[in-house]
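Novice: Here's a sequence, model it:
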Amino acid sequence: MRVGVNTWVWASPCDDATISALAPRVGEWGFDVLELPVEQLGDWDPARTAKVLGDVGLGASVCLVMPPGRELVAADAATVGSTQDYLRGVLDAAAAVGAPAVAGPAYTSVGRTWRLSDAERATAYAQLRENLAPVVEHAADVGVRIGVEPLNRYETSLLNTVDQTLEALEGLPVEHIGLALDAYHLNIEERDPAAAARRAAGRIVHVQVCANDRGAPGADHIDWPGFLSALDDAGYDGPLCIESFTAENATIATAASIWRPLARTQDAIATDGLAFLRGLTETSP
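Specialist: Okay, the predicted model is just below:
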């Protein structure tokens, strides 16, 4: 598998200067992909970024960001409309840099939680499908898939598990929308992350990885060989992108609850994780 790393390991927001500084280093370390968050449309220039990445031989992946005010469920029409516009813009940026998918919690803002009865949950999922449908049409037009990411219970009450996400997306075209799996959230919410990945067979669009504490993959208790084997069984052939965050940026540290350093340096999260994942994938049958 190809291995990538998210610019959030070092900085937020991701902008042109960040990409120019990180791309050569990431390429020299041996990564295949640089993952680019779009916190606000226009934070980085897609055409310029495509050239920067191309010059150092890196591919791209793109992740969407859902702060307060971006909602596709239980929100007024104006909020839903602006969120749909944002998601279309992210898809356009991904297409411009050659990313095959955009990934993230494309349903409601991170940190928004509320209690849902079974009937209310079914209604919310129907509303999500309705409001995602025009965005999925745009994804089909630009040739980029959407990966909807279930998050842990502390960050959302809508989609926490693979099974819930499969239910919520039922009926939307599988060739244009599926699941984005994040090892951090799976470790919290799934009793058996490998089994959950297998249940998503044919629907996995993107995979993000980190240790159970958000540090470098491998410096933790996760059964990485078992998880990678499950991804293989599920037919996933995209990159594994290391996603972690820096405690040095107050905004992102608060949003991601990063209260202490997760490795000896931020670079080590990337390089140690890369070495570990390369070791696993190169020795897998």
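Novice: longest helix in the protein, by residue count?
Specialist: If you go by DSSP state H, the chain has its longest helix at helix 118-142.
Novice: Please identify the buried residues of it?
Specialist: Across helix 118-142, burial judged by 16 or more other C-beta atoms under 10 Å covers 121, 124-125, 127-129, 131-132, 135-136, 138-140. Where you see a C-beta, it was placed from the backbone N, CA and C, and this is true even at glycine.
Novice: Give the other helices and strands that that helix contacts.
Specialist: Judged by 3 or more C-beta pairs under 8 Å, 6 or more residues apart in numbering; DSSP states H and E, helix 118-142 is in contact with helix 77-97, strand 145-148, helix 162-168, strand 177-182.
Novice: Which of the buried residues of helix 118-142 sits closest to Gly69?
Specialist: Gly69 lies nearest to Asn131 out of those, by C-beta to C-beta, at 15.0 Å.
Novice: sorry, back to before: what's the angle from the longest helix of the chain to helix 77-97?
Specialist: 40 degrees (axes from the mean of the first three to the mean of the last three C-alpha atoms, to 10 degrees).
Novice: so helix 118-142 versus strand 177-182, what angle?
Specialist: 100 degrees.
Novice: What's the first helix or strand after the lowest-mean-pLDDT helix or strand in the chain?
Specialist: Taking mean pLDDT, DSSP states H and E as the measure, the chain has helix 250-256 as its least confident helix or strand, at a mean of 78. As assigned by DSSP states H and E, the chain's next helix or strand after helix 250-256 is helix 266-283.
Novice: what does that following helix contact?
Specialist: 1, 3, 5, 9-10, 26, 29-31, 209-210, 215-219, 224-225, 228, 240, 242, 244, 246, 248, 262-263 (C-beta atoms under 8 Å, 6 or more residues apart in numbering).
Novice: Give me the average confidence score over that helix.
Specialist: The pLDDT scores in helix 266-283 average 92.
Novice: quick one: buried residues of that helix?
Specialist: In helix 266-283, counting by 16+ other C-beta under 10 Å, buried: Gln266, Ala268, Ile269, Ala270, Thr271, Asp272, Gly273, Leu274, Ala275, Phe276, Leu277, Leu280.
Novice: Please report how far the fifth one lies from Arg191.
Specialist: Going back to what we said before, that points to Thr271. 32 Å (C-beta to C-beta, to the nearest Å).
Novice: Quick check: which ranges of the stretch 151-285 of the chain have low pLDDT?
Specialist: The stretch 151-285 of the chain contains residues with pLDDT under 70 at 283-285.
Novice: how about a cut-off of 80?
Specialist: 247-253, 255, 281-285 (pLDDT under 80).
Novice: Could I get the pLDDT score of the residue lying closest to Val142 once chain neighbours are set aside?
Specialist: Nearest non-adjacent residue to Val142, counting by C-beta to C-beta, 6 or more residues apart in numbering: Ala95, 4.2 Å away. Note for Ala95: predicted pLDDT of 98.
Novice: Likewise for the one 5 residues further on?
Specialist: With respect to pLDDT, Pro100 has a value of 98.
Novice: Alright, that wraps it up for me.
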